[in-house]
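**Q** below: sequence and its predicted model.
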Amino acid sequence: MKQTLLAALITGVTLSVSAVISANAAGVALATDIAQLAVLPKETAHDLLLLPTAVVRPLIDQDPLVAAARAGLDAARQDAHLLTNSPYEWTAKVTTQRRTIETGPRYNEWNAGIERTLRLPGKARADGNMAQATLDEGEARYGEALHETTRQLLGLWMDWVHPEQSYALAVIHLQAAQENLRIVEKRVKAGDAAKLDASLARAELAEQQRAGIDVKTAAAVAWARLHARFPGFSKDFSALPTALPLVGGGALWRERILTQSDELKIAEAQLQKVQAHGARMRADKIPDPTVGLFTASEVGGRERLTGIMLSIPIPGSQRSSRADKATHTDEMSRLEVALKKRQLDAEIGASLATTQGAYEGWQSAESGSSNMQDNALLMARAYSLGEADLQSLLTSRRQAATAAQHALSAKVTASRSYYGLLVDAHLIWDMAHE
């Protein structure tokens, strides 16, 4: 499953960004015959992201959330070890006494023995199943910590990249406003424009300067949050990765994400623990016997006793009640797993729809932005030739700036959704596991 999806994604990467329309057609063709795709070398898969795995993995592995989950996994291994071994220990007993016979001698006597409670085979099997479920839950929680930390890294990275790219756009818009002012002042000197036009152009320049300061501040705030959460992150990775059209059907993505979902594995492991606990309670309806050996000396050593001891508790109604309760708990856990599957399925469907819609919205925004940029250039030329008024020029510049920011926001949304889907499917950053 991973190879099929990964091959489709890698094939999509080889398409140039300028050919996104043909990429859509290729994605449809890939989805029709996705099972026959060949897997490219692992090194090629790294080209899916601007953030390389060699940078991301140390950031994730050293995160406190992941470190805590790793410690929790070690604790789960110890719990599993304790469950596998019998909880009973050997018990040594020694008693001493003095026997006094009326009008007769006195004798020193003693009794020594050793005993141990034996865990019945059915209980041992139930404890073994509980140990395996405990280990599975610990591993799933560790995997979920990795997944959650990766999602946080992706989100904080996108939160920082967005204003960084917005600032780059703001610089371009500031240069355009400066060019507007230069043209206006040139026309004012030539007597072709009023001084009011120069004042309006200066006001537009000040507005662009303010917008640049705002996005620069937003970038600094986002970087502070990213750097505080992941101190080793480098500012070199400020480029925004490009989203690609989805390939493969929704059923393929659902199966992949559900198979890799650690959240679902936690619920399933907890169900296994409940089932093992229920089996333990049912087996516990028969008490564990205690066996032992003893030896004794009586009548001053004239009598020596050696024997075997066996004791079994007489079961009461509480054992049956605990077994009945475990049965109801088992049913409750089954329903919780079923609910978790439905919730995840709904989230996956929403993510797929969002990713597809965000990609299409980004393409539309890019097209609109390109048209607005062309219109602004034409209007600037028309104004310089005296064929348009200043208000039309400033309006076209504002429209172009707004359209560019909208296109950038649409691209960030598309990339955030697309790469978030890859994280959920464990197709990047070496997150895949069985």
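**A** All right, it came through fine.
**Q** so which residue is smack in the middle of the chain?
**A** His147 (2.3 Å; C-alpha atoms, centre = their mean).
**Q** how near is that one to Asp288?
**A** 41 Å (C-beta to C-beta, to the nearest Å). Backbone N, C-alpha and C define where each C-beta goes, glycine included.
**Q** tell me how far stretch 410-424 lies from the chain's centre.
**A** Offset of stretch 410-424 from its chain centre (C-alpha atoms, centre = their mean, to the nearest Å): 14 Å.
**Q** the residue of the chain positioned farthest from its centre and Gly301: what is the separation?
**A** The outermost residue of the chain, judged against the average C-alpha position, is Thr103 (85.6 Å), by C-alpha atoms, centre = their mean. For Thr103, the distance to Gly301 equals 22 Å [C-beta to C-beta].
**Q** just Leu252 next, same as before
**A** Taking C-beta to C-beta, one finds Leu252 at 83 Å from Gly301.
**Q** quick one, which of these two is more surrounded?
**A** Neighbour comparison, Leu252 and Gly301: the larger count goes to Leu252, with 18 against 11 (by other C-beta atoms under 10 Å).
**Q** circling back: so which strand or helix has the residue nearest to the centre of the chain?
**A** Using DSSP states H and E, His147 sits in helix 121-190.
**Q** doesn't the residue farthest from the centre of the chain fall inside a helix?
**A** No - counting by DSSP: H, G, I helix; E, B strand; the rest coil, Thr103 is not part of a helix but coil.
**Q** let me see the confidence value for it.
**A** On pLDDT, Thr103 comes in at 75.
**Q** what are the ranges of the helices in this protein?
**A** Using DSSP state H, the helices of the chain run over residues 2-13, 20-32, 42-45, 53-61, 64-84, 121-190, 195-229, 250-260, 262-283, 317-384, 390-424.
**Q** how about the ones you listed in a markdown table, adding mean pLDDT?
**A** Converted to a markdown table, the helices of the chain look like this (pLDDT from 0 to 100):
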| stretch | mean pLDDT |
| --- | --- |
| helix 2-13 | 44 |
| helix 20-32 | 38 |
| helix 42-45 | 39 |
| helix 53-61 | 90 |
| helix 64-84 | 93 |
| helix 121-190 | 89 |
| helix 195-229 | 88 |
| helix 250-260 | 89 |
| helix 262-283 | 91 |
| helix 317-384 | 88 |
| helix 390-424 | 87 |
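**Q** give me the domain ranges for this protein.
**A** Domain assignment of the chain by automatic domain parsing yields the ranges 1-48, 51-87+137-285+324-424.
**Q** just name the most buried of these.
**A** Per residue and on average, the most neighbours among these fall to domain 51-87+137-285+324-424, with a mean of 17 (mean count of other C-beta atoms under 10 Å).
**Q** show me what contacts Leu344?
**A** Ile257, Leu258, Ser261, Glu263, Leu264 (C-beta atoms under 8 Å, 6 or more residues apart in numbering).
**Q** how about Pro58: what's its closest non-neighbour residue?
**A** Gly232 (6.7 Å; C-beta to C-beta, 6 or more residues apart in numbering).
**Q** cool, and His147?
**A** Using C-beta to C-beta, 6+ apart, the closest residue to His147 is Asp262 (5.7 Å).
**Q** on that earlier part again, and of the contacts of Leu344, the nearest to Ala224?
**A** For the contacts of Leu344, the closest approach to Ala224 (C-beta to C-beta) belongs to Glu263, at 30.0 Å.
**Q** from Gln270, how far off is that closest one?
**A** According to C-beta to C-beta, Glu263 stands 11 Å off from Gln270.
**Q** do the same with Val291
**A** For Val291, the distance to Gln270 - C-beta to C-beta - is 36 Å.
**Q** of all the domains of the chain, which one is nearest Gln97?
**A** Evaluated over the domains of the chain, closeness to Gln97 peaks at domain 51-87+137-285+324-424, with 32.2 Å, by C-beta to C-beta.
**Q** start to end distance for the closest one?
**A** 17 Å (C-alpha to C-alpha, to the nearest Å).
**Q** can you give me how far it is from the chain middle?
**A** 13 Å.
**Q** going forward, count from 8.
**A** Let's use 8 as the start, then, which means that last one is domain 58-94+144-292+331-431.
**Q** picking up where we left off before, got the helices of the chain as CSV, with distance to Ala303 columns?
**A** Below are these laid out as CSV (distance: least, C-beta to C-beta, whole Å):
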stretch, distance to Ala303
helix 9-20, 69
helix 27-39, 83
helix 49-52, 73
helix 60-68, 62
helix 71-91, 36
helix 128-197, 32
helix 202-236, 70
helix 257-267, 64
helix 269-290, 35
helix 324-391, 34
helix 397-431, 70
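**Q** out of those, which gets nearest to Met316?
**A** Here helix 128-197 is closest among the helices of the chain (C-beta to C-beta), at 21.3 Å.
**Q** show me what the closest one is packed against.
**A** Secondary-structure packing of helix 128-197 (3 or more C-beta pairs under 8 Å, 6 or more residues apart in numbering; DSSP states H and E): helix 60-68, helix 71-91, helix 202-236, helix 269-290, helix 324-391, helix 397-431.
**Q** got TSV for these, with distance to Val191 too?
**A** Putting those into TSV (distance: least, C-beta to C-beta, whole Å) gives the following:
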stretch	distance to Val191
helix 60-68	47
helix 71-91	55
helix 202-236	4
helix 269-290	59
helix 324-391	8
helix 397-431	6
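**Q** closest one to Ala138 among those helices?
**A** Nearest of the helices and strands packed on helix 128-197 (C-beta to C-beta): helix 71-91, 3.8 Å.
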